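Enquirer: Everything below, folded, please.
(one chain, ligands or ions: 1)
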Amino acid sequence: MRSIPPGIPALLRGLVNLVIPIVVILGIARILSRWGYAVPTSAIIIIQSIGIIVFAAGQVWFRLWHIGKRVARSGGVMPPRWKGQRIGDADLLLEFMEIWKNGYLGDGFTDVMSKIGHTISLRILWDDSVVTTDANIIKSVLATDFNNFVKGEQFQAFMYSVLGTGVFNSDGDMWKFHRSMTRPFFSRDRIGHFDLFDRHAEVTINKIKERMKTGEAIDFQDLISRFTLDSATEFLFGSCVHSLESDLPYPSSSSSPFKSTKKELSRPEAFAKAFQESQEVISSRGRTGWAWPFFEIFSDKSAKPMRIVDDFLDPILKDALEKAKRDQDGRLIKKDNPDEVDEDETLLDHLVRFTTDPVVLHDEILNIMIAGRDTTAGTLTFLVYLLSQYPQALLKLRQEILSVVGPTRRPTYDDIREMKFLRAVINETLRLFPSVPFNVRYPVQDVLLPNTSDPSTPFFIPKMTPVAYSVWMMHRRTDYWGPDAEEFDPDRFLDERLHKYLTPNPFIFLPFNAGPRICLGQQFAYNEMSFFMVRLLQNFSNITFDPLAQDPSTRPPAAWSKFPGRKGKDKIYPKAHLTLYAHGGLWLNIEEAEASESV
Ligand code: HEM
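Expert: Numbering: from 1, shown residues only. Predicted coordinates:
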């Protein structure tokens, strides 16, 4: 199925809607002609054309009428609607596409929601959807009413060509299967990860030092994505792609003689690029709604990048399967307790104890790569960016690191647990720049959801209506976080504001999701990011943002500086495919610490 362009089945389904009115009208014309009333062919064609429109409109009308009846019976109301000006609210669709391409995340919605409510409905091309930033609703969707909300067929259809049936893209038994075989691997802190982070962190830090000696800025986002790619491939498969070994990009303004000598991408760079492209394809499908297959009539847009991704993954999977068979004399021997994980075991070693199905293994590994690699790279990018903008926070964090770990020692779990400011900096970054800024679930049945502004009249959501939720916007709401919600201030996770805002209402902070589908790698991610930050700030004492190093076409538009909040303040341009990233990278100058330096 993965090889058939997705537009073909969609066209065939659409043809049914054309054929029904054509056949019915032909039938009526034939009966009339038998009774002696011959209808001219031109009239039949005109009536058929009108029939097609009436048939389609009738279907829409019936569906909306039926929803209206169910709303009336339910005692609830549909959330307030953001209405467009054009037929089918097509102007809103165009507006969203434009915002996605050239706007700031949340543009349009933030204004409308401040006027009509934090849960709104849309009816674009006659299809209902709901968008919310309400913590009560998100709590119901993810936790208290979990069984009634799924990723759903529509979501799975546009994700399938990349995510297959992996943990991100499955429901029910398949999801439980993926989750149960992966969970033990993340269930306890494993010292082995720290060895691995340390090796890759050292290479990364040396790369920064080398670049700084040339006097040129470094793209920290590119660098940290290599760090997380090398770490992820090693802990997942036991075979690192060594992307840190290839040359790093130079600033757009650079006159370095090395800048333009590189013609071809290295294998790991080609993999990383294809991996990103495949995610861009599936996230753009999501934004086009039900119409997405019609943009892929002749080819599946994810097929090309996925060929490169698969060329990289398939030999690794084949090796792992052969090794498992060799080790176990041709039979797959499951340990007595599959929840046991050996210290030096990779995720792939662990998974082949559950299944030898290459498709299941492929999908699971790819899903975990997406889950684990880009999220941590993105968070570290925004964290380091924020430190470059808030030197006081950088100083305080560095002081904590030097006082707890010192200037050279390798941090332990206990050190990391002790560093409360480090955790607060990570959380504050995840609050302002959550890796998964938008997400969606579909109700299996008609459902009533809490209406925070009028609890006596709940919101009615028809079954299979996409309920999109944005933690990006929720994390910036002033009624949830206080008047300075858009300000970067890690102390809000440590001082009285914690007890005022977050403790009584924990669902206002959901960077890792919540409920049964909460992120499996949360602890792993905190460890990896904390470990890296300790190593970085042991080695470097100052971080400066270099605006001129970035390609001008990727800088935030100058007009944004007039806006309040982060949109007016930020010097990088946040964008998202499945996860958040800085458009054009994060170009920095990073100053090495004095060798003698300590607290
Ligand atoms: C800063 C780092 C991270 C953030 C912000 C993050 C965030 C999230 C979020 C929001 C989800 C829910 C996605 C959804 O339901 O659609 C999720 C799911 C998941 N995450 Fe993470 N994640 C991070 C790192 C990691 C790492 C390092 C791993 C593993 C190596 C990981 C593994 C997973 C898995 C397996 C799921 C799927 C859970 C399920 O559907 O049952 N994550 N993560």
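Enquirer: CA only for contacts and neighbour counts going forward, please
Expert: Fine.
Enquirer: so where's the stretch 301-450 of the chain uncertain?
Expert: 327-344 (pLDDT under 70).
Enquirer: Kindly report the residues of it close to the ligand.
Expert: Selection of the stretch 301-450 of the chain residues close to the ligand by C-alpha under 6 Å from any ligand atom yields 368, 371-372, 375-376, 379, 434-436.
Enquirer: again, 5 Å this time
Expert: When proximity is defined as C-alpha under 5 Å from any ligand atom, the stretch 301-450 of the chain approaches the ligand at 371-372, 375-376, 435.
Enquirer: what's the closest of those to the ligand?
Expert: residue 372 (3.4 Å; C-alpha to the nearest ligand atom).
Enquirer: ok, the closest one - contacts?
Expert: 232, 521, 525 (C-alpha atoms under 8 Å, 6 or more residues apart in numbering).
Enquirer: By neighbour count, which of those wins?
Expert: residue 232 (24 neighbours; other C-alpha atoms under 10 Å).
Enquirer: Going by neighbour count, which of the residues of the stretch 301-450 of the chain next to the ligand comes out on top?
Expert: residue 435 (26 neighbours).
Enquirer: so that residue makes contact with residue 513?
Expert: No. Using C-alpha atoms under 8 Å, residue 435 is not in contact with residue 513, being 10.6 Å away.
Enquirer: Show me which of the contacts of residue 372 is closest to residue 429.
Expert: Ranked by distance to residue 429 (C-alpha to C-alpha), these are led by residue 525 at 13.4 Å.
Enquirer: part of a helix, is the closest one?
Expert: Yes. Membership of residue 525 in a helix is supported by DSSP: H, G, I helix; E, B strand; the rest coil.
Enquirer: Now do the contacts for it.
Expert: 372, 376.
Enquirer: What is the longest helix of the protein by residue count?
Expert: Ranked by residue count under DSSP state H, the longest helix found in the chain is helix 41-74.
Enquirer: Look up how far residue 127 lies from the residue lying closest to residue 99 once chain neighbours are set aside.
Expert: Distances taken as C-alpha to C-alpha, 6 or more residues apart in numbering place residue 107 nearest to residue 99, at 6.7 Å, with adjacent residues excluded. Distance of residue 107 to residue 127, given as C-alpha to C-alpha, to the nearest Å: 22 Å.
Enquirer: With residue 209 instead?
Expert: From residue 209 to residue 127 the distance is 54 Å (C-alpha to C-alpha).
Enquirer: Pull the host helix or strand of residue 395 out as CSV, backbone CA atoms only.
Expert: Counting by DSSP states H and E, the element that carries residue 395 is helix 391-404. The C-alpha coordinates for helix 391-404 follow below in CSV (Å, rounded to 0.1, in the frame of the first residue of the first chain):
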residue,chain,number,x,y,z
PRO,A,391,22.9,36.6,30.7
GLN,A,392,21.8,36.7,34.3
ALA,A,393,20.2,33.3,34.0
LEU,A,394,23.3,32.0,32.2
LEU,A,395,25.5,33.2,35.1
LYS,A,396,23.2,31.7,37.7
LEU,A,397,23.0,28.4,35.9
ARG,A,398,26.8,28.3,35.5
GLN,A,399,27.3,29.1,39.2
GLU,A,400,25.0,26.2,40.2
ILE,A,401,26.9,23.8,37.9
LEU,A,402,30.3,24.8,39.1
SER,A,403,29.2,24.7,42.8
VAL,A,404,27.6,21.3,42.5
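Enquirer: and the next element down the chain from that helix?
Expert: Downstream of helix 391-404, the next assigned helix or strand under DSSP H and E is helix 413-418.
Enquirer: and the helix or strand that contains residue 111, average pLDDT?
Expert: Counting by DSSP H and E, the element that carries residue 111 is helix 109-116. In this model, helix 109-116 has a mean pLDDT of 94.
Enquirer: Close to the ligand: what parts of the protein are there?
Expert: With the criterion set to C-alpha under 5 Å from any ligand atom, the chain comes near the ligand through 168, 371-372, 375-376, 435, 512-513, 517, 519-521, 525.
Enquirer: If we use 6 Å, what do you get?
Expert: Within the chain, the positions lying close to the ligand (C-alpha under 6 Å from any ligand atom) are 167-168, 179, 368, 371-372, 375-376, 379, 434-436, 511-513, 517-522, 524-525.
Enquirer: In strands, which of these appear?
Expert: Of these, none are assigned to strands by DSSP state E.
Enquirer: among the residues you listed, which are in helices?
Expert: Those of the residues of the chain next to the ligand mapping onto helices are 179, 368, 375-376, 379, 522, 524-525, per DSSP H.
Enquirer: As a markdown table, the residues you listed with distance to residue 8 would be great.
Expert: Output for these, formatted as a markdown table (distance: C-alpha to C-alpha, whole Å):
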| residue | distance to residue 8 |
| --- | --- |
| 179 | 33 |
| 368 | 30 |
| 375 | 34 |
| 376 | 37 |
| 379 | 39 |
| 522 | 40 |
| 524 | 42 |
| 525 | 40 |
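Enquirer: Taking the stretch 151-300 of the chain, what residue is nearest to the ligand?
Expert: residue 168 (4.7 Å).
Enquirer: Please find the angle between the direction vectors of the helix or strand where residue 95 lies and helix 109-116.
Expert: Assigned by DSSP H and E, residue 95 belongs to helix 90-102. Comparing the axes of helix 90-102 and helix 109-116 via axes from the mean of the first three to the mean of the last three C-alpha atoms, to 10 degrees yields an angle of 140 degrees.
Enquirer: now for helix 90-102, which elements pack on it?
Expert: Contacts defined by 3 or more C-alpha pairs under 8 Å, 6 or more residues apart in numbering; DSSP states H and E place helix 90-102 against strand 119-124.
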